[in-house]
Structures are given as structure tokens and as C-alpha cells.
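Participant: task: produce atomic coordinates for the following.
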Amino acid sequence: MSQDEARPYSFTLDPFPQQAPEWNRASAFYDHLREGRLTTTRCRTCDLVSWPPRSVCPECHGDDLEWIDLPTEGRILAATVQVAGTPPGFPAALVFALLEFTPDVRFIGRILTEDLEAAVADRMASLVVQEVSRDRVVPAFRLV
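Facilitator: You can find the predicted model right below:
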């Protein structure tokens, strides 16, 4: 048995602590993401769909929430390119877009494309689960 097999991997400084259940009650979002599902929470009391996923409803302050699936394709409302200050290990230019998945759920996501001008309004983008480090994932999107 190798040293890696004998001892579970742990982060000295976890760059994505929100994915660990001991740090975040909404960590199931990342479990769903690993399954290729884009999810959020809906309050069973007032029926509010929240983004980002919540552990307490921002409307009625209840905690009776359920996980629901969102569409895995979203419509681009606007896009921008980050050319400076990109994190180590990422390309020199990153494309981000404001995506709409439902009338109530919009958020900014990374668009995986080499064509920096391809992410334009009304174009569709589809979910891609991007591994960013050992057992850590984030949602990203490809143009359809």
C-alpha cells in the first residue's frame, strides 16, 4: 500500500471549503454537480426558489428546503473577458457570462471557449463540470 493510499488526502488550506459538508450546509450542491446536475433550493413553506442555494429561506426564514434541478443550459444575457489577474493555472484570458436558467435564476459563470468573442447575448451555453483540484469541482459552461 502506497503512502497516498494509507492516508486520505487533505488540504492544508482548502481553496474551496464550501464543498466540505463540515463547513457548509449547502455542500450537496457540489455532490449534485459531480453527477452532472445543476441544482438549487426551493422553500417548501413559501415555494421560493433561491440562488445561490440556501439553508434558510430569505423570504419566510424557514429551513424546510428541498433540492431541485435547474436546466443545464442557460441563455447568455451579457459576457465579458478577464485579461488580467487570472488565477494561477488558468489561461491568460477568461470568458465570463451572465446566464439565465429560469426567469428567477441568473448567475455569472465561466464560459470554456478559446474564441474570446463567441460568447454573445442570446447564445446558449451548456453545463460542464470542471475539476479545479483533487475532488473539487465548479460549474462552467460551453457554448451550444
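Participant: low-confidence stretches in this structure?
Facilitator: Residue ranges of the chain with pLDDT under 70: 1-19.
Participant: hey, where'd the helices end up in it?
Facilitator: Taking DSSP state H as the criterion, the chain contains helices spanning 3-6, 28-34.
Participant: quick one: distance of stretch 94-108 to the chain centre.
Facilitator: 11 Å (C-alpha atoms, centre = their mean, to the nearest Å).
Participant: mind saving the C-alpha coords of it as PDB?
Facilitator: Taking C-alpha atoms only, stretch 94-108 is exported to PDB below (Å, rounded to 0.1, in the frame of the first residue of the first chain):
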ATOM      1  CA  LEU A  94     -11.100  34.000 -19.100                       C
ATOM      2  CA  VAL A  95     -14.600  34.500 -20.500                       C
ATOM      3  CA  PHE A  96     -17.500  35.100 -18.100                       C
ATOM      4  CA  ALA A  97     -21.200  35.500 -18.900                       C
ATOM      5  CA  LEU A  98     -24.400  36.400 -17.100                       C
ATOM      6  CA  LEU A  99     -26.500  33.300 -17.700                       C
ATOM      7  CA  GLU A 100     -30.300  33.000 -17.300                       C
ATOM      8  CA  PHE A 101     -31.600  29.500 -16.500                       C
ATOM      9  CA  THR A 102     -35.100  30.400 -15.400                       C
ATOM     10  CA  PRO A 103     -36.700  33.800 -15.000                       C
ATOM     11  CA  ASP A 104     -35.700  33.700 -11.300                       C
ATOM     12  CA  VAL A 105     -32.300  32.100 -11.600                       C
ATOM     13  CA  ARG A 106     -29.400  34.100 -13.200                       C
ATOM     14  CA  PHE A 107     -25.800  34.000 -12.300                       C
ATOM     15  CA  ILE A 108     -22.300  34.600 -13.700                       C
END
